[in-house]
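[1] what would the 3D arrangement of this be:
(2 chains)
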Amino acid sequence: MSSPEWKNPVIKWVDSRLPVFSMMHHSTAGYPTPRNLNYLWNFGSLALTCLIVMVLTGFFLAMNYTPHVDLAFDSVERIMRDVNYGWLLRYLHMNGASMFFIVVYIHIFRGFYYGSYKGPREILWILGVVIMLLMMGTAFMGYVLPWGQMSLWGATVITNLFSAFPIVGDFIVTLLWGGFSVDNPTLNRFYAIHYLLPFVLFAVVGLHLWALHTSKSSNPLGIEAKLPEDSIPFHPYYTIKDLFGMGVFFIFFLYFVFWAPNFFGEPDNYIPANPMVTPAHIVPEWYFLPYYAILRAITFDIFIIPAKLGGVIAMFASILVWVALPWLDGSKVRSAKFRPIFKWFFWVLLADFIFLGYLGKMPAEQPYVIMSQLATAYYFAHFFVILPLLGKLEKTAQLPESISSAVLKKSEDA
Amino acid sequence: MADTATNVENKTEGGESRRDFLLLATSAVGVAGTAAAIWPFVDSMNPSADVLALSTTEADISQIELGQSVTFVWRGKPIFVRHRTAAEIEQAVKDDSAALVDVQKDADRVQKSEWLILLGVCTHLGCVPLGQKPGDPRGEFGGWFCPCHGSHYDTSGRIRKGPAPLNLAVPPYTFLDDTNVKIG
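    I've put the predicted structure just below:
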């Protein structure tokens, strides 16, 4: 799409030297977007909204937080009681983390359903996986900062994961701790990293958007926009739709902030950290539960791999397998709309993932252990067995000729 | 196109003005909502409850000898309490009629004339003037001297020479009894 002719002499002068106005035009009014996007396509902009809310509230919280083992817990309580609107900032930040993961999980599963990861969007998808990993690191370290019991023991358990690696394991753990247990140096460096990672996130989100604007949005039909009438400009059609979605999202978000601020939290984290006593029932935040279940499911040695290392590998693999997804799913058809068998397996995978989350919350005893093992086996089977087989065997439905023909036909039928 | 036809039709029925109204109303709500959302962020940078709780200081002045000055801390800033001699009081009252930069009578700056209580912050750029300790320079007018940019204050804490525009401020205070003062 060609650059617009700028009439305002100041804009013209600036734009010919630094084309910010042309860039803004290209990503808004001049950005062609499929005309058939449904509300699941709102979740990208919602994720960015979450990131901005987190950075803003985090910045103001940082002005009042003290990263020291003796002062951290009290400084958070001071934020809650003494700082003007400190309770609001903290509850926005706390619940904002959960909202961010809700939005991103929907965004990811949207991608699973509609095959958004397929060519030419592989790099766009992989950047998304990188964003997810960065988010997980940021969220984990943020959870350590209030220095409650769950902060300390969550940090202890998660950092100890790295001790599973042979030879370098103990070295890595000591390096993470800056000592011989999770203590003040650990809290200090986690705070520094927690503040750094969002900037890295912004950078990777920038790349994610760059890749998006290169290959353009996918759409529920999973066929590329070819004809001019297949697309509509992003602005005003999708800016207004995204804004509307944002309004609905904030109603949901603020419900928790104002009426159930501790819904997603663990009560144990309101007990100050005590390195001598581990809480009886230690669980991660809800958004980590599926991976936690996979970690705990490996209770047996796999050939020469001991169970401890096997669990850690399985946990990391459960996310890293998404990177290979564009090549594991060999089907030429993107959208589940035209894949009658895959569609069902998608829902089974979603159910399996939620079930894993439930199991992650349950104690590590029977029957939950065997259930976790079965659910974990199914999870990996979906990616390594079912998807490759479906790509070869599934008989897909007839794809429409174009987005506009499918959309206009539907409106004629109605 | 169908869109164009609708637009024309709306225009004749006043549809354009209805659309304009919706746009303006939505924008207004958006601006008001954004402003309301910004306020908690800004306000969080204002003094918090625990800081405000420290906004008064009680000073015991019973141990301050005649002619001696003592510094107390109020809201993180120095408070000068000087037990003035008769000569200092006399000089201060006499200078009521001198050429003052910031005209104020000595009587308006004290509650009890032997006790001069001031905020020890130079009104130029916020340094703490010298003159509290016995060996300190007290400037040309026997009060305080700010070493940063050379402001001279007299025995009533009034600016007499140098770049400072105003007299040393008098904080709000009350005598709880003869020897205890509540500042703030």
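[2] and the strands in the chain?
    In the absence of a named chain, this looks at chain A. Secondary structure of chain A (DSSP state E): strands at A:32-34, A:231-233.
[3] nope, chain B
    Going by DSSP E, chain B shows strands at B:57-60, B:69-74, B:77-83, B:115-119, B:142-146, B:151-154, B:159-161, B:173-175, B:180-183.
[4] which one of those lies closest to A:H213?
    When those are compared by CB to CB, strand B:77-83 sits nearest A:H213, at 54.4 Å. The way it works is simple: take the backbone N, C-alpha and C, and place the C-beta from them, glycine included.
[5] tell me the strands beside that closest one, with direction?
    Strand B:77-83 pairs in its sheet with strand B:69-74 (antiparallel), strand B:115-119 (antiparallel), by DSSP bridges.
[6] show me which positions of the longest helix seen in chain B end up buried.
    Counting residues, the longest helix found in chain B (DSSP state H) is helix B:15-43. By neighbour count on 16 or more other CB atoms under 10 Å in any protein chain shown, the buried set for helix B:15-43 is B:40-41.
[7] ok, back up a step: and the strands paired with strand B:77-83 as JSON lines, adding mean neighbour count and mean pLDDT?
    Below are these laid out as JSON lines (neighbours: other CB atoms under 10 Å in any protein chain shown; pLDDT from 0 to 100):
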{"stretch": "strand B:69-74", "mean neighbour count": "17", "mean pLDDT": "92"}
{"stretch": "strand B:115-119", "mean neighbour count": "21", "mean pLDDT": "94"}
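[8] want to throw these into TSV with distance to A:G310?
    Output for the strands paired with strand B:77-83, formatted as TSV (distance: least, CB to CB, whole Å):
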stretch	distance to A:G310
strand B:69-74	61
strand B:115-119	69
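[9] can you get me the start-to-end distance on stretch B:98-109?
    16 Å (CA to CA, to the nearest Å).
[10] who's in contact with it?
    Residues outside stretch B:98-109 that contact it (CB atoms under 8 Å, 6 or more residues apart in numbering or on different chains): B:89, B:92-93, B:95-96, B:113, B:116, B:156-160, B:165-167, B:170.
[11] quick one: which of the residues you listed has the most company?
    B:S156 (31 neighbours; other CB atoms under 10 Å in any protein chain shown).
[12] now that residue: phi and psi?
    When read as degrees, to the nearest 10, the backbone of B:S156 gives phi -110, psi 0.
[13] cool, A:S402 as well?
    Backbone geometry at A:S402, expressed as degrees, to the nearest 10, gives phi -150, psi 170.
[14] and for A:G115?
    Dihedral angles (degrees, to the nearest 10) for A:G115: phi 60, psi 40.
[15] and the pLDDT for the residue of chain B found nearest chain A?
    Nearest to chain A, among the residues of chain B, is B:P40, at 3.6 Å (CB to the nearest CB). Note for B:P40: predicted pLDDT of 95.
[16] ok, it - contacts?
    By CB under 8 Å, 6+ apart, the residues touching B:P40 are A:84-85, A:88-89.
[17] cool, A:D352 as well?
    Applying CB under 8 Å, 6+ apart, we find A:D352 in contact with A:375, A:378-379, A:382.
[18] how about A:V277?
    A:V277 touches A:Q149, counting by CB under 8 Å, 6+ apart.
[19] from chain B, how far off is it?
    For A:V277, the distance to chain B equals 29 Å [CB to the nearest CB, to the nearest Å].
[20] do A:L350 as well
    34 Å.
[21] what's the nearest residue to that residue if we skip its chain neighbours?
    A:F109 (6.1 Å; CB to CB, 6 or more residues apart in numbering or on different chains).
[22] surely A:Y31 is in contact with A:H213?
    Yes. Using CB atoms under 8 Å, A:Y31 is in contact with A:H213, at 6.7 Å.
[23] more crowded one of the two?
    Legend: neighbour count by other CB under 10 Å for A:Y31 and A:H213, higher for A:Y31 (20 against 15).
[24] phi, psi of that one?
    Torsion angles, degrees, to the nearest 10, at A:Y31: phi -100, psi 110.
[25] contacting residues for it?
    So A:Y31 contacts A:1, A:213, A:233-235 (CB under 8 Å, 6+ apart).
[26] do you know the pLDDT at it?
    Listed pLDDT for A:Y31 reads 91.
[27] and stretch A:361-381, average pLDDT?
    93.
[28] do the same with stretch B:145-163
    Per-residue scores along stretch B:145-163 average to 93.
[29] ends of stretch B:141-151, how far apart?
    First-to-last residue span, stretch B:141-151, CA to CA: 11 Å.
[30] now it: buried residues?
    By 16+ other CB under 10 Å, the buried positions in stretch B:141-151 come out as B:141-146, B:151.
[31] do stretch A:9-17 as well
    Neighbour-count burial for stretch A:9-17 [16+ other CB under 10 Å]: A:D15.
[32] want to try TSV for the buried residues of stretch B:141-151, with distance to chain A as columns?
    Supplementary listing: the buried residues of stretch B:141-151 in TSV, determined by distance: CB to the nearest CB, whole Å:
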residue	distance to chain A
B:F141	42
B:G142	44
B:G143	38
B:W144	35
B:F145	37
B:C146	31
B:S151	34
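[33] and of the residues you listed, the nearest to A:F253?
    For the buried residues of stretch B:141-151, the nearest to A:F253 is B:C146 (52.8 Å; CB to CB).
[34] so that closest one is in contact with B:C122, correct?
    Yes. Contact between B:C146 and B:C122 holds when scored by CB under 8 Å: they sit 4.2 Å apart.
[35] what do these two both touch?
    B:128-129, B:164.
[36] report the closest residue of the stretch 201-350 of chain A relative to chain B.
    Counting by CB to the nearest CB, the stretch 201-350 of chain A gets nearest chain B through A:L243, at 8.4 Å.
[37] do you know how far that residue is from A:Y237?
    For A:L243, the distance to A:Y237 (CB to CB, to the nearest Å) stands at 11 Å.
[38] any regions of the chain where pLDDT drops low?
    As the question left the chain open, I've gone with chain A. Along chain A, the parts satisfying pLDDT under 70 run over A:1-2, A:414.
[39] sorry, should have said chain B
    B:1-15.
[40] I'd like the strands of chain A laid out as CSV, including mean neighbour count.
    Output for the strands of chain A, formatted as CSV (neighbours: other CB atoms under 10 Å in any protein chain shown):
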stretch, mean neighbour count
strand A:32-34, 19
strand A:231-233, 18
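[41] so can I have TSV of those showing distance to A:A155?
    Output for the strands of chain A, formatted as TSV (distance: least, CB to CB, whole Å):
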stretch	distance to A:A155
strand A:32-34	43
strand A:231-233	48
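[42] who in chain B is up against chain A?
    Within chain B, the positions near chain A by CB under 8 Å from any CB of the partner chain are B:40-41, B:43-46, B:48-51.
[43] max pairwise distance over the residues you listed: which two?
    Taking CB to CB, no two of these sit farther apart than B:F41 and B:D50, at 19.4 Å.
[44] so which bits of chain A are right by chain B?
    A:56-57, A:60, A:63-64, A:78, A:81-86, A:88-89.
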